[in-house]
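> coords please:
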Amino acid sequence: MNSDMFRNIPKPEPLVIVISGPSGVGKDSVLNDIFAYGVDWHFVVTMTSRPQRSGEVNGRDYIFVTKDEFERMIAAGEFVEYALVYDQYKGVPKNQITGALASGKDVVLRLDVQGAIAIKKMFPDAVTIFLVPDSEESLVMRLKQRGTETEKQLRIRLETARKEMERLHEFDYVVENGQERLHKAVCRVLDIVRVEKCRVSRLRKTA
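The predicted structure follows:
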């Protein structure tokens, strides 16, 4: 019997995990609680040209740059993907993903729906998770509680959310993040990652 087979079971390749969903669904809350469990994932910080909000930390919540700097980086091909959303740029710097994967770390991204689908095209093995609210009313309440948008902006975000919900079928998993059910959503996301780590197709090709 060849015992080497048991000694040299290959480990899974590092994952690219994408947390997405409509604006206001609680992507940040889910990720904050996940990291509170002490997971050793590399969080890819999205770069944006929008103004920094009160309480946000540059380099943790987003990397804030000017519109001119963002457009310079676009021209230099420094993004995996980027988009112009609500007249503001958002994008994922290439070196944040490639560097972490090369070190063997799982990578997690928090992206809008358009960005998540773009990443899936570039990284077909990425695990895409779509967070949904328990109702449209719940989503509206969350957006209002943020207090960062005008009534007109709220209407635009809600209409965008309705269109984004129509793209749910383009994702691998859906997780409901309902009011007062954050812990359940966090556990579901962690369970998904555990299952993906057990897939034979994700084992390294060389032991």
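> So which helix or strand of the protein has the lowest pLDDT on average?
When each helix and strand of the chain is scored by mean pLDDT, DSSP states H and E, helix 4-7 comes last, with a mean of 63.
> after that one, next one along is what?
From helix 4-7 onward toward the C-terminus, using DSSP states H and E, the following helix or strand is strand 16-20.
> Now do Gly104 against Pro14, distance only.
Computed as CB to CB, to the nearest Å, the Gly104 to Pro14 distance reads 6 Å. Using the backbone N, CA and C atoms, a C-beta is placed for each residue, glycine as well.
> Looking at these two, which is more packed in?
Relative neighbour count places Pro14 above the other of Gly104 and Pro14, with 19 against 10, counting by other CB atoms under 10 Å.
> Identify the residues contacting that one.
Remark: with contacts taken as CB atoms under 8 Å, 6 or more residues apart in numbering, Pro14 is in contact with Ala100, Leu101, Gly104, Lys105, Asp106, Val107.
> these two touch, right, the fourth one and Asp40?
Yes - if you go by CB atoms under 8 Å, Lys105 and Asp40 touch, sitting 6.6 Å apart.
> The two: which has the busier surroundings?
Under the neighbour definition other CB under 10 Å, Lys105 and Asp40 were set side by side, and Lys105 has more, 14 against 8.
> residues contacting that one?
For Lys105, the residues meeting the contact criterion (CB under 8 Å, 6+ apart) are Pro14, Asp40, Trp41, His42.
> Now compare these and name the two farthest from each other.
Set against one another by CB to CB, the contacts of Lys105 have their most distant pair in Pro14 and Asp40, with a gap of 10.4 Å.
> which stretches of the protein have low pLDDT?
Scanning the chain with the threshold set as pLDDT under 70 gives 1-7, 146-149, 205-207.
> so where do the strands sit in the chain?
Using DSSP state E, the strands of the chain run over residues 16-20, 41-44, 47-48, 63-64, 79-85, 88-93, 106-110, 127-132, 173-176.
> Can you redo those strands as a markdown table, where the extra columns are mean neighbour count and distance to Ile9?
Converted to a markdown table, the strands of the chain look like this (neighbours: other CB atoms under 10 Å; distance: least, CB to CB, whole Å):
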| stretch | mean neighbour count | distance to Ile9 |
| --- | --- | --- |
| strand 16-20 | 24 | 23 |
| strand 41-44 | 19 | 23 |
| strand 47-48 | 20 | 39 |
| strand 63-64 | 16 | 39 |
| strand 79-85 | 17 | 32 |
| strand 88-93 | 20 | 33 |
| strand 106-110 | 23 | 19 |
| strand 127-132 | 23 | 22 |
| strand 173-176 | 16 | 26 |
